[in-house]
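[1] Build me a model:
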Amino acid sequence: MKLPLALCLLLLISLSATAAEKNVIFIITDDESPTLGCYGDPVAKTPAIDAIAADGTVFLNAFATTASCAASRSVVMSGLHNHRNGMYGHQHSYHKFESWKTVVSLALPRVMAGAGYRTGHIGKYHVGPEQVYRFETYLKANDRNTVEMAEKCRDFLTAADERPFFLYFATSDPHRGGGIDETSKLELKPNLFGNKPERGSFPGVEEVFYDPATVPIPPFLTDNPETRAELAQYYQSVSRVDQGVARLVGILKEAGLYDKTMIVFTSDHGMAFPGGKTTVYEGGLRVPFVVRNPYEPKRGVKHEALVSHIDITPSLLDFAGGLDKEKNRPKRFVNAKKFWEDHPEVAKDNLGPNLDAYHGKSWLSILGDGKAEHWETLHASHTFHEIQMYYPMRVVRDKQYKLIWNIAHPLPYPFASDLWTASSFQSQYRKSLDAPYGQKTVGEYIHRPAFELYRIDEDPNEAKNLAGDPAYTEVLRQYQEKLRAFQKEMDDPWILKWEYE
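    Residues are numbered from 1 along each chain as shown. Got it, this is the predicted structure:
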């Protein structure tokens with residue numbers, strides 16, 4: 001039986017009036033740089049994210065702490081650097097990395113539940129152990145089709161529940177995958193980046209296709225036909241993500257929830273090209289970061305503050321009203337050791353270090369002030385990606401200088417399997433080690449010095465390493481000391497490498 005229109009409207013108004021306040025949707029994509037219209041990208045077709053940005057805050061200087069998928073997600077979901085939370089690399093299969101069990105006191109889904117939220121997850125997970133990063137509801141969909149993902153979330157978002165919702169929405173786009181484009185006329189054919197072959201489309205998605213001749217070339221890549229072909233595939237995948245965001249927004253608006261829901265959009269790290277993903281260069285660490293807080297009066301803010309992935313969990317918890325700002329931890333703090341005593345099935349011999357505060361800090365109060373400062377100095381690290389890719393790096397960065405310590409510099413830089421086979425890299429590698437690759441040669445990319453020092457305010461593309469310049473000897477020493485002091489504060493095991501090897 002069809003309900004009269006007036007009754008339908010009455011029910012909709014009633015639902016809107018009683019829906020819980022201060023909901024959260026956290027969207028994290030896979031291997032995406034700030035290639036969005038709201039960041040000034042000249043070709044990106046991302047109207048949904050751009051609209052959120054126009055009605056919220058765009059952080060222009062947002063950074064991952066590590067450009068490796070699982071390790072980065074452990075930071076996002078704990079508010080702790082990965083070399084402190086214990087997750088040094090990939091979680092799945094034989095890689096077997098996971099966080100310390102003591103992270104349960106600070107883990108994002110746990111603390112949001114503690115603040116009174118119903119928690120839901122859809123898409124890529126890629127962290128462990130599940131008991132630490134546990135959600136109340138796990139939803140399933142094709143994580144290459146964000147429109148389908150959004151529809152699968154509809155019932156969760158609109159459920160008749162007095163609790164506000166926290167939805168963790170994790171796409172697999174624009175990660176590499178799906179094979180190569182066999183229709184390409186190039187000898188080295190581009191990866192499909194999850195796109196359907198032969199210009200096919202996913203159900204419910206109006207695929208956006210890009211002309212390789214028009215895509216912008218990031219400074220860490222080389223302008224050649226192979227790179228352009230791969231970037232065109234990458235941008236198509238980015239636009240598919242945007243359509244899923246549009247569907248999520250539509251669901252919220254239909255249910256009268258849009259103005260009761262914070263939306264945060266970011267990526268785990270930069271795009272999956274050599275020079276981006278798995279590096280600590282700007283192409284690996286710089287990420288999109290857009291926040292729409294419906295309760296923030298100032299909108300359309302372009303924010304210049306340095307922010308980090310370590311800030312996400314405390315910021316969302318702050319929005320939820322559950323952050324103890326003095327102690328920088330949940331108000332309803334759960335002692336990890338006592339928590340695990342109630343789980344006799346879990347071994348207690350090595351739960352991990354005592355973790356009782358976040359490394360990050362909330363940016364909630366500065367969303368409306370684009371000139372406000374947040375961090376003076378940022379830190380980043382990398383140890384593994386895949387288990388065979390041992391190459392520890394540590395970073396200290398501010399708005400003037402950036403120092404990279406390549407701890408295992410005598411080793412050749414190890415490639416992720418999908419990046420090694422990338423046509424955009426192989427096209428240059430097959431020429432010679434002296435062939436250009438971005439701001440370096442292929443040989444310089446593979447064989448790196450112990451230290452790389454960049455005047456990042458004047459050299460944002462990291463083209464000139466100043467570490468060997470006598471004029472910067474004192475600057476190098478100062479930043480080495482900053483880095484070492486941070487490692488000591490974090491109990492970073494690799495601090496020992498200052499003394500030997």
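[2] If you drop the residues flanking it in sequence, what lies closest to the most centrally placed residue in the chain?
    For the chain, the residue sitting closest to the mean C-alpha position, by C-alpha atoms, centre = their mean, is residue 268 at 1.9 Å. Among residues not flanking residue 268 along the chain, residue 72 sits closest, at 4.3 Å (C-beta to C-beta, 6 or more residues apart in numbering). Glycine gets a C-beta too; all of them are placed from N, C-alpha and C.
[3] my guess is the one you found meets residue 65, correct?
    Yes - using C-beta atoms under 8 Å, residue 72 is in contact with residue 65, at 7.0 Å.
[4] Find residues that contact each of these two.
    82, 309 (C-beta atoms under 8 Å, 6 or more residues apart in numbering).
[5] all strands of the stretch 51-200 of the chain, in order?
    57-63, 118-123, 137-139, 165-170 (DSSP state E, counting those that start in this stretch).
[6] Please enumerate residues in contact with the longest one?
    Contacting residues not belonging to strand 57-63 are listed as 34, 38-39, 266, 285-293, 296, 299, 301-309, 363, 367-368, 370, 378, 380, 397, 399 [C-beta under 8 Å, 6+ apart].
[7] what does the second one give?
    Applying C-beta under 8 Å, 6+ apart, the set of residues contacting strand 118-123 from outside is 109, 112-113, 135-141, 143, 149, 152-153, 156, 159, 161, 163-172.
[8] Can you tell me which of those are buried?
    Neighbour-count burial (16 or more other C-beta atoms under 10 Å) applied to the contacts of strand 118-123 gives 109, 112-113, 135-136, 139, 141, 143, 149, 152-153, 156, 164-172.
[9] Do you have the helices of the stretch 101-250 of the chain handy? List them.
    108-114, 146-152, 154-158, 225-254 (DSSP state H, counting those that start in this stretch).
[10] could you redo these as TSV and give each row distance to residue 438 and mean pLDDT?
    Formatted as TSV, those follow (distance: least, C-beta to C-beta, whole Å; pLDDT from 0 to 100):
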stretch	distance to residue 438	mean pLDDT
helix 108-114	34	98
helix 146-152	30	98
helix 154-158	42	98
helix 225-254	10	98
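[11] export those helices to CSV and tack on distance to residue 122?
    Below are these laid out as CSV (distance: least, C-beta to C-beta, whole Å):
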stretch, distance to residue 122
helix 108-114, 13
helix 146-152, 6
helix 154-158, 8
helix 225-254, 10
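[12] Could you check the ones you listed and tell me which one is nearest residue 194?
    Judged by C-beta to C-beta, the one of the helices of the stretch 101-250 of the chain that comes nearest to residue 194 is helix 225-254, at 5.2 Å.
[13] just the angle between that closest one and strand 165-170, please?
    160 degrees (axes from the mean of the first three to the mean of the last three C-alpha atoms, to 10 degrees).
[14] quick one, helices of the stretch 301-450 of the chain?
    312-319, 336-341, 417-420, 423-429, 442-446.
[15] among those, which is the most enclosed?
    Comparing the helices of the stretch 301-450 of the chain by mean neighbour count (mean count of other C-beta atoms under 10 Å), helix 312-319 ranks first with a mean of 25.
[16] quick one, it and strand 165-170 angle?
    160 degrees.
[17] contacts for helix 312-319?
    22, 24, 26, 76-79, 106-108, 111-112, 115, 166, 262, 264, 266, 293, 323, 325, 328, 330, 358, 360-364.
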